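> Coordinates for the following, if possible.
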Amino acid sequence: MKKGTILFTAVFLLACLVMLLGCHSKGADLHLYTWADYIKPELVQQFEQENKCKIIIDTFDSNEGMYAKLKAGATGYDLITPSSYMAKIMNDQGMLLPLDHAKLPNLLHIDSEYLRIAVDPEMKYSVPYMVSYTGFGYLQDAVMDVTPSWKMLDRSDLKGRMTMLNDMRETIGAALKSLGYSLNSVNDDELSAAKAVVIGWKKNLAKFENEQYKTGLASGEFLLVHGYSGDILKVQEDNEQVAFLIPEEGFSLACDDLVIPKTAGQVDLALKFINFIHTPSVAAANTEYITYLCPNRASYDLLSEEIKSNPGIFPDEVTRSKGEVIQDLGESNIKYTKIWDEIKAAGD
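Coordinates of the predicted model:
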């Protein structure tokens, strides 16, 4: 009887151990906070299978909204994809972890040409994820006499059928560029002039919008939209009349970065994900799917000719020279916030 009890106890303990090991083998959850539709789903599945984990995705539609949520106390995220200027703000405020390059061997594939204009060229706290260019999407069969200029927003014949990004830096930056100024200007006179331009454009807009403009353009609800290259190129799959152009006065050249917040619970897994994303074959597959460019030079040869010849993904040198990266303006950021509030209130 005693031997039977001992045997039963041993079997019971072994079963418990197997259950514990089974739970452990399910792996951890990687919480990713990012823009909508910003990674090829099959790549998510591949990473999950290779690392025996689950990726849980939460989305934001603006850098400022994401930042405000985190500053209000939101935690639980292991990886975030802010634009470079916002990543710098977050790092300066002690919100990000430094990156362990020893665990990121694929950083050697990062395009050195991009790093020359990057906000964090040494990748101390951020790794570039996707590069985009801000311009116009429009319907070729509905908008006549198209010119590659921000002045398209002055067109009263398109009133109520146009949108602009609900993003103060992008939209005020577009007005600054239309006037021949830097989109990082902190000059009060230049900013005042830009405010007047945006208020003028606002009279012709359906709304300021960051997400629905894509499907609205494809469906014909909107005829011309201010937006990101990848978003507009993606909806060409739904409507072949959609075209993308970059304004000749200049434009915002942006990069969204991969960063790890200080509150991350799965730092090692986040580093594995960053390294995975910059595996050349993965970077190429991601670029093909979301039509933004992952600045991974080793991936370029793996891209289709259609992607490599698309000027919305690989603009020529002359066009690229007119692009400007949005910078963190420090204490002068408040100038943009004030102007943006005044623009939103105008005409209400």
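> For Glu249, grab the count of nearby residues.
The number of residues packed near Glu249 is 17, by other C-beta atoms under 10 Å. C-beta here means a position set from N, CA and C on the backbone, and glycine is covered the same way.
> Please parse the protein into its domains.
27-131+254-314, 132-253+318-345 (automatic domain parsing).
> will you turn the ones you listed into TSV that also has mean pLDDT?
What follows is the domains of the chain, written out as TSV (pLDDT from 0 to 100):
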stretch	mean pLDDT
domain 27-131+254-314	97
domain 132-253+318-345	96
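> what's the burial count for Leu224?
Neighbours of Leu224 using other C-beta under 10 Å come to 25.
> quick one: contacts for it?
Counting by C-beta atoms under 8 Å, 6 or more residues apart in numbering, Leu224 makes contact with 136-139, 143, 152-153, 155, 158, 161-162.
> And for Lys103?
Lys103 neighbours (C-beta under 8 Å, 6+ apart): 268, 271-272, 275.
> make it 6 Å
Counting by C-beta atoms under 6 Å, 6 or more residues apart in numbering, Lys103 makes contact with Leu271.
> Quick check: the gap between it and Gly265.
According to C-beta to C-beta, to the nearest Å, Lys103 stands 17 Å off from Gly265.
> likewise Cys294?
Taken as C-beta to C-beta, the span from Cys294 to Gly265 is 26 Å.
> Next, please give the residue ranges for the strands of the stretch 51-200 of the chain.
Remark: strands assigned in the stretch 51-200 of the chain by DSSP state E, counting those that start in this stretch are 54-59, 79-80, 127-139, 162-164.
> and these, which is most packed in?
Burial of those is given as mean neighbour count (mean count of other C-beta atoms under 10 Å); strand 79-80 ranks first at a mean of 26.
> mind checking how far it is from the chain centre?
Averaging C-alpha positions (C-alpha atoms, centre = their mean, to the nearest Å) puts strand 79-80 11 Å from its chain's average.
> Stretch 336-348 too?
Counting by C-alpha atoms, centre = their mean, stretch 336-348 comes out at 24 Å from the chain centroid.
> So for Cys294 and Gly265, which residue has more residues nearby?
Counted by other C-beta under 10 Å, Cys294 and Gly265 do not tie: Cys294 has more neighbours, with 26 against 15.
> Tell me the backbone dihedrals of that one, please.
Here is the backbone geometry of Cys294 (degrees, to the nearest 10): phi -80, psi 120.
> what's the nearest residue to it if we skip its chain neighbours?
Nearest residue to Cys294, sequence neighbours excluded (C-beta to C-beta, 6 or more residues apart in numbering): Ala283, at 4.1 Å.
> so the one you found, which of the three states?
helix (DSSP: H, G, I helix; E, B strand; the rest coil).
> so who does it touch?
So Ala283 contacts 294, 296, 299 (C-beta under 6 Å, 6+ apart).
> Whichever strand or helix holds the last one - contacts with which helices or strands?
Pointing back at Ser299 there. According to DSSP states H and E, Ser299 maps onto helix 297-300. In terms of contacts (3 or more C-beta pairs under 6 Å, 6 or more residues apart in numbering; DSSP states H and E), helix 297-300 is packed against helix 280-290.
> The helix it packs on relative to strand 127-139, how many degrees between them?
If you take axes from the mean of the first three to the mean of the last three C-alpha atoms, to 10 degrees, helix 280-290 sits at 20 degrees to strand 127-139.
> who does the most centrally placed residue in the chain bridge with?
Nearest to the mean C-alpha position of the chain, by C-alpha atoms, centre = their mean, lies Asp256 at 4.4 Å. Asp256 has these beta-bridge partners by DSSP bridges: Ser83, Met130.
> hmm, back to that, between the strands of the stretch 51-200 of the chain, which one is nearest to Asp29?
Among these, strand 54-59 comes nearest to Asp29, with 4.9 Å by C-beta to C-beta.
> list the helices and strands the closest one packs on?
Using 3+ C-beta pairs under 6 Å, 6+ apart, strand 54-59 sits against strand 29-34, helix 41-51.
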